[in-house]
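Peer 1: Okay, predicted coordinates and the sequence, questions at the end:
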Amino acid sequence: MRTDERSGPQIWPRRTALLLDGTDMTLPQRLAVVMGREADGVSQEMLNAAHKRVCLPMYGFNDSLNLSVATAMMLHHLFLCCPEARGDLPSERKRALRVDWYSRLARTDAQRAEFLSQVDNPPPPFIDVRRPDAHRTSWVPPKIARKEQEQTASLVEQRQALREEAAAGQQQPEND
C-alpha cells in the first residue's frame, strides 16, 4: 500500500494494543487506567511505562471518541470483565470519602448538617441513572410550544362549536 507522505493519511498500526471486544480478560489485582488528553493522548514516558495498551473496538469511518465517552466505555468494559473489582474499598475509606464529598456537595450549613447525618447510613446507589420518563422529551423552543398550545386550543374550540351546532340541529323540529 502506497500513500503520498505529504497529503495522504497517516497509518498508525495498533499491533501493540489489545482490542477490548470480549470479557475473557484477566485483570491484575491492582490496575491504573490512564487516559490521555483528547488533543495529544498520553505522554511518551507513560507509554514506555505501561505494561499493556488497550483500545476500544470501533467500526466505520470515525476512529475517535470524546474523552469522557471513551473513559466511560473503558471502565464499563473492565467492570464487565471483572465485576468483583467494584466496591473493594475498606469501610473506613468509604466513610472518609463520604464525609469529604458530602461536605463539598452542601451549599449551606443546613444542607451540610443534613448530608453529614447520612454518612454512616448513606442512601442506596441509583439502579437506573437515566432521567425519569417524564423528563425524556425533546426540547421545544418556548415560542413554538406556545404556538402549538394555541393551535390545539383553537382546534378544541372548533370541535366543540361543531358538536354544539350538530346538537342544536338535531333538536329543532322540522316544519312541514
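Peer 2: Now that the structure is in, tell me what you want to look at.
Peer 1: What average pLDDT does the lengthiest helix in the chain get?
Peer 2: Longest helix of the chain, by residue count under DSSP state H: helix 142-171. Averaging pLDDT along helix 142-171 gives 92.
Peer 1: For the chain, name the helix or strand with the lowest mean pLDDT.
Peer 2: For the chain, using mean pLDDT, DSSP states H and E, the weakest element among its helices and strands is strand 17-19, scoring a mean of 71.
Peer 1: Go through the following helix or strand past that one and flag the buried ones.
Peer 2: Per DSSP states H and E, the first helix or strand lying C-terminal to strand 17-19 is helix 44-49. Using 16 or more other CB atoms under 10 Å as the test for burial, helix 44-49 gives no buried residues. In this view, the C-beta of every residue, glycine as well, is placed from N, C-alpha and C.
Peer 1: which residues touch helix 44-49?
Peer 2: Defining contact as CB atoms under 8 Å, 6 or more residues apart in numbering, one finds that helix 44-49 is touched by 34, 36, 53.
Peer 1: pretty sure the second one is touching residue 42, no?
Peer 2: Yes. Contact between residue 36 and residue 42 holds when scored by CB atoms under 8 Å: they sit 3.6 Å apart.
Peer 1: still on that earlier bit, show me which of the contacts of helix 44-49 is closest to residue 25.
Peer 2: Using CB to CB, residue 53 comes nearest to residue 25 of the contacts of helix 44-49, at 13.3 Å.
Peer 1: pLDDT weak spots in this protein?
Peer 2: 1-16, 23, 61-63, 87, 172-176 (pLDDT under 70).
Peer 1: swap the cut-off to 80 and go again
Peer 2: Applying pLDDT under 80 to the chain flags residues 1-31, 57-64, 84-88, 126, 128-138, 170-176.
Peer 1: Export stretch 30-40 to PDB, keeping only CA atoms.
Peer 2: Only the C-alpha atoms of stretch 30-40 are listed here, as PDB (Å, rounded to 0.1, in the frame of the first residue of the first chain):
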ATOM      1  CA  ARG A  30      -4.100  -3.500  41.100                       C
ATOM      2  CA  LEU A  31      -4.700  -1.600  37.900                       C
ATOM      3  CA  ALA A  32      -4.200   2.000  36.900                       C
ATOM      4  CA  VAL A  33      -6.200   3.100  33.900                       C
ATOM      5  CA  VAL A  34      -4.500   6.000  32.200                       C
ATOM      6  CA  MET A  35      -6.400   8.100  29.600                       C
ATOM      7  CA  GLY A  36      -4.700  10.800  27.700                       C
ATOM      8  CA  ARG A  37      -5.900  14.200  26.600                       C
ATOM      9  CA  GLU A  38      -8.100  14.400  23.500                       C
ATOM     10  CA  ALA A  39      -5.500  16.600  21.800                       C
ATOM     11  CA  ASP A  40      -2.400  14.500  22.100                       C
END
